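> With the sequence up front, the predicted model follows.
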Amino acid sequence: MRAIVIGGGWAGIAAAITARLAGAEVEIFEKTDMLLGLGNVGGIIRNNGRYTALEEIKALGLEELVEIIDGNCRHKNVDFPGHKHASLYDVNRMEVKIHKYIESIGVKVHLISRVVDANVQDKKLTSICLANGDVYDGDVFIETTGSTGPMGNCLRYGNGCSMCILRCPSFGPRVSITSRVGVEDLQGERDDDVLGAFSGSCKLAKESLSQEIVDELNSKGVVVLKVPEEDVDVSKLKKKVCQQYALKEFAENVVLLDTGHAKLMTSYYPLQKLRKIKGLEYARYVDPYSGGKGNSIRYLSVAPRTNDMKVKGIDNLFVGGEKSGLFVGHTEAVASGSLAGYNAVFQAFGHAPLKLPRTIAIGDIIAYANEKMETKEGRRNRYTFAGAEYFQHMKEVGLYTLDVKEIEERIEKAGLRDVFKKKIV
């Protein structure tokens, strides 16, 4: 049994782990020279409802992965506007640790390996095709290619290529495999009927900030600086993907978080205006390099799928992460990707794929986001455990809790304790 994972971000990593734990031979194909994708510039976990979800992921059987993530955090229990008890992981070290881990459990990693097409027979994928002409056969396939890029989308729906961590000019554009095999992808929208949304944050080189700010970041994990009144731009909040950060406070203040670099919580900010703020006189962008002008555009390639993460119309293709819905965040990617990898192998051996119940947060958000994709208004929103519409829903239905024992009992009651450790092959 060979499982092919297309895309090496957080969702692809989680899918590879659960497929491997189920007993399949797993190969993961990533177009760049690094795993984790946008996880190399993100770094926020456990804020708000993500705490609950990450504990569910542990209880479902991925304790080792969560322990690696938690063990690489620079700060824990950080509060910033609209968010409580966040953990901030080190984006400069996480990728190597995750790479070593998945190889240690037997996952084969292919870097600089861009998948550009797939072969289909009788509604089943039989193989993938790389940009260099190589072909790899597989029994089941999980696509986790995300929804960012290619450059043309950033130009058409944004402010042009901002030279982000995905580096399309060097490693080639993202290719939607679902689209290549005849499945019509869905797109997220913005309020002004424009497709897609800007990535929600940038990275500043810590060395370019004042020593006072660096010291505060290193000790507290967060710094909040007032934006000059003439530079406050509330309209930008509507354009960003991370609606959990689309709060007035993020327009009136510069919010910096310590994830190894200084994470600037805004889609983009004109550099000369940024340098007007005390302590940021020498500020310089690390990601995207053109963070003074724009950021990457996302949510232009979401596959229609069922709540077991299977693509509609293709029998052995599953999806996770942003490819599977208008999800925001690493925790959401791990949650959806882990279910996709597990079900891909589970179904291949004739078992009914698992649909997580809505009595747990992960099962609820997977179903909730799928329902919302059916409406125009729903396609204008994004879904995350960390805030905005879904977190409010999560609280209303009683799924948000910091009580680890309560979370474990929910998983136990659903009969799902360590389900992802169940070896099928």
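Okay, I see it. All values derive from a computational prediction rather than experimental measurement.
> which residues in the stretch 51-200 of the chain form helices?
For the stretch 51-200 of the chain, applying DSSP state H, counting those that start in this stretch gives helices covering 63-71, 94-104, 151-157, 168-171, 177-180.
> Please report the number of neighbouring residues for the spatially closest residue to Glu27 that is not a sequence neighbour.
For Glu27, ignoring the flanking residues on the chain, the nearest one in space by Cβ to Cβ, 6 or more residues apart in numbering is Lys108 at 4.5 Å. Where C-beta positions appear, they are placed from N, C-alpha and C, glycine not excepted. With neighbours defined by other Cβ atoms under 10 Å, the count for Lys108 comes to 14.
> From Ala333, how far off is Lys108?
The spacing between Lys108 and Ala333, counted by Cβ to Cβ, to the nearest Å, is 21 Å.
> Buried ones in the helix or strand of the chain with the lowest mean pLDDT, by neighbour count?
Scoring the helices and strands of the chain by mean pLDDT, DSSP states H and E places helix 249-252 at the bottom, with a mean of 79. Residues of helix 249-252 classed as buried by neighbour count (16 or more other Cβ atoms under 10 Å): Phe250, Ala251, Glu252.
> any idea how far that helix is from the chain center?
Computed by Cα atoms, centre = their mean, to the nearest Å, the chain-centroid distance of helix 249-252 equals 24 Å.
> doesn't Val334 make contact with Ile57?
Yes - between Ile57 and Val334 there is a contact at 6.0 Å, judged by Cβ atoms under 8 Å.
> Common neighbours of those two, please.
Here Ile57 and Val334 have Leu65 as joint contacts, going by Cβ atoms under 8 Å, 6 or more residues apart in numbering.
> What ranges in the stretch 301-425 of the chain fall below the confidence cut-off?
Applying pLDDT under 70 to the stretch 301-425 of the chain flags residues 425.
> Strands of that one, residue ranges please.
Assigned by DSSP state E, counting those that start in this stretch, the stretch 301-425 of the chain shows strands spanning 317-319.
> sorry, back to before: can you list the helices of the stretch 51-200 of the chain in CSV and add mean neighbour count, mean pLDDT and distance to Leu317?
Shown next, in CSV, are the helices of the stretch 51-200 of the chain (neighbours: other Cβ atoms under 10 Å; pLDDT from 0 to 100; distance: least, Cβ to Cβ, whole Å):
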stretch, mean neighbour count, mean pLDDT, distance to Leu317
helix 63-71, 16, 98, 24
helix 94-104, 16, 98, 21
helix 151-157, 18, 93, 22
helix 168-171, 15, 96, 23
helix 177-180, 20, 96, 7
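> And those: which comes nearest Val232?
Nearest to Val232 among these is helix 151-157 (24.6 Å), distances taken as Cβ to Cβ.
> so how many other residues sit close to Gly160?
Using other Cβ under 10 Å, Gly160 is surrounded by 13 other residues.
> Make sure it is actually in contact with Asn295.
No - counting by Cβ under 8 Å, Gly160 stays clear of Asn295, with 10.3 Å between them.
> ok so, going back, any chance of the helices of the stretch 51-200 of the chain in a markdown table, plus distance to Ile45?
What follows is those, written out as a markdown table (distance: least, Cβ to Cβ, whole Å):
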| stretch | distance to Ile45 |
| --- | --- |
| helix 63-71 | 6 |
| helix 94-104 | 10 |
| helix 151-157 | 26 |
| helix 168-171 | 26 |
| helix 177-180 | 28 |
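> which one is Gly188 nearest to, not counting chain neighbours?
Nearest non-adjacent residue to Gly188 (Cβ to Cβ, 6+ apart): Tyr299, at 3.2 Å.
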